[in-house]
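*Asks:* pasting the sequence and the predicted model now:
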Amino acid sequence: MLRLILSLLVLSAFVLEGNAQIAPKEEVGFLYNRETTFNLRLATNRSFGFGMEWGRLRTYNKTKTLSLGISEMKHPKEQKQNAAPSVRRSSRPFVYGKKNSLFVLRSGWGQKRYFSEKAKQKGVAVGMSYSIGPTLGLLKPYYLALNLKGDPSTGIGRTTIVKYSEQNRESFLDNTLILGAAPFTKGFSEISALPGGTASIAYHMDWGAFDEMVKALEIGLTVDVFARKAPIFVDDVQNQQVFFNFFLNLQFGKRK
């Protein structure tokens, strides 16, 4: 599957390059040299991200790009649930068996190409964008609130916020003890890094591609490959090294 996706990315790049070579020579002039956009991205598995993209306009239909963004990467098997009724009602749903949250800091170099100058008259330019670059996975420990046994003489339990370890494996995976997820901010001081690489290809639609204001939408596919399996779950069999995600990317910005 990975080879197929990478082959499609390479093939698309050659197709776009070929289109540029056979395009009519009478290219029109263009008014802008650079563009800067703010990106809002929605991806499969309920992932959300944001970032910036800087472009250098080479011709009316070709723009070199540099992008930087961050988003949360959710495993396809992540399913939130509530605490067992025998414990007590929880206001914070949790993901059973999860030990790390994964955030992805992506950077990429690429190109954006419009298919034809005709889009100028229609008001909507369509084309393709693609990029490739290094990525850095940020692993944040996932904390749970557990109802652990307290004083044996009173039988009163105590609420304890814990992250996964081999020592507390039995209680961390005991559904009858889990009250819910800890606050989102818990664990940010313990982030560890996981290096990797990323590539993306997208269908690009720009409302007013030759105007000063950028208003665009992209629909595409991102592939993230890490140096090893991302340890999201306690059970390593569920973890994966390669992630495929379809995405919608909204772009707003300005040209100058």
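*Replies:* Good, I have the coordinates. Residues are numbered from 1 along each chain as shown.

*Asks:* element containing the residue lying closest to L42 once chain neighbours are set aside, please.
*Replies:* Using Cβ to Cβ, 6 or more residues apart in numbering and skipping residues adjacent in sequence, the residue nearest L42 is L248, 4.8 Å away. Every C-beta, even on glycine, is put in place using the N, C-alpha and C of the backbone. Here L248 sits within strand 242-255, counting by DSSP states H and E.

*Asks:* show me what that strand pairs with in its sheet, parallel or antiparallel.
*Replies:* Strand pairing for strand 242-255, determined by DSSP bridges: strand 34-43 (antiparallel), strand 213-226 (antiparallel).

*Asks:* turn those strands into a markdown table, columns for mean pLDDT, distance to Y142 and mean neighbour count.
*Replies:* Formatted as a markdown table, these follow (pLDDT from 0 to 100; distance: least, Cβ to Cβ, whole Å; neighbours: other Cβ atoms under 10 Å):
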| stretch | mean pLDDT | distance to Y142 | mean neighbour count |
| --- | --- | --- | --- |
| strand 34-43 | 95 | 20 | 18 |
| strand 213-226 | 95 | 18 | 19 |
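
*Asks:* for G97, which of these is the nearest?
*Replies:* G97 sits nearest to strand 213-226 of all these, at 19.7 Å, using Cβ to Cβ.

*Asks:* can you pull the poorly scored residue ranges out of this structure?
*Replies:* For the chain, applying pLDDT under 70 flags the ranges 1-30, 86-91, 116-123, 149-157, 209-210.

*Asks:* can you give me the buried ones in stretch 159-177?
*Replies:* 162-164, 168, 171-173, 177 (16 or more other Cβ atoms under 10 Å).

*Asks:* now do stretch 245-252
*Replies:* Neighbour-count burial for stretch 245-252, with 16+ other Cβ under 10 Å as criterion, is recorded at 245, 247, 249, 251.

*Asks:* how near is the residue nearest to L42 to G49?
*Replies:* Applying Cβ to Cβ, to the nearest Å, the value for L248 to G49 is 11 Å.

*Asks:* any common contacting residues for those two?
*Replies:* Common contact partners of L248 and G49 (Cβ atoms under 8 Å, 6 or more residues apart in numbering): 41, 43.

*Asks:* which one of the strands paired with strand 242-255 lies nearest to G197?
*Replies:* Of the strands paired with strand 242-255, nearest to G197 by Cβ to Cβ is strand 213-226, at 5.4 Å.

*Asks:* output the closest one as CSV, nothing but the C-alphas.
*Replies:* Output of strand 213-226 as CSV, limited to C-alpha atoms (Å, rounded to 0.1, in the frame of the first residue of the first chain):
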residue,chain,number,x,y,z
MET,A,213,-6.6,37.8,-0.9
VAL,A,214,-6.1,34.0,-0.8
LYS,A,215,-9.2,31.9,-0.3
ALA,A,216,-8.5,28.3,-1.1
LEU,A,217,-9.6,24.7,-0.2
GLU,A,218,-7.5,21.5,-0.6
ILE,A,219,-8.6,17.9,-0.5
GLY,A,220,-5.8,15.4,-0.3
LEU,A,221,-3.8,12.6,1.3
THR,A,222,-1.0,12.8,3.8
VAL,A,223,1.5,10.0,4.5
ASP,A,224,3.5,10.1,7.7
VAL,A,225,6.3,7.6,8.3
PHE,A,226,8.2,7.5,11.6
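
*Asks:* quick one: the strands in the stretch 101-250 of the chain, in order.
*Replies:* For the stretch 101-250 of the chain, the strands defined by DSSP state E, counting those that start in this stretch cover 124-141, 143-151, 156-163, 178-181, 192-207, 213-226, 242-255.

*Asks:* include distance to R113 when you put the ones you listed into CSV, please.
*Replies:* Below are the strands of the stretch 101-250 of the chain laid out as CSV (distance: least, Cβ to Cβ, whole Å):
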stretch, distance to R113
strand 124-141, 5
strand 143-151, 45
strand 156-163, 46
strand 178-181, 44
strand 192-207, 8
strand 213-226, 13
strand 242-255, 15
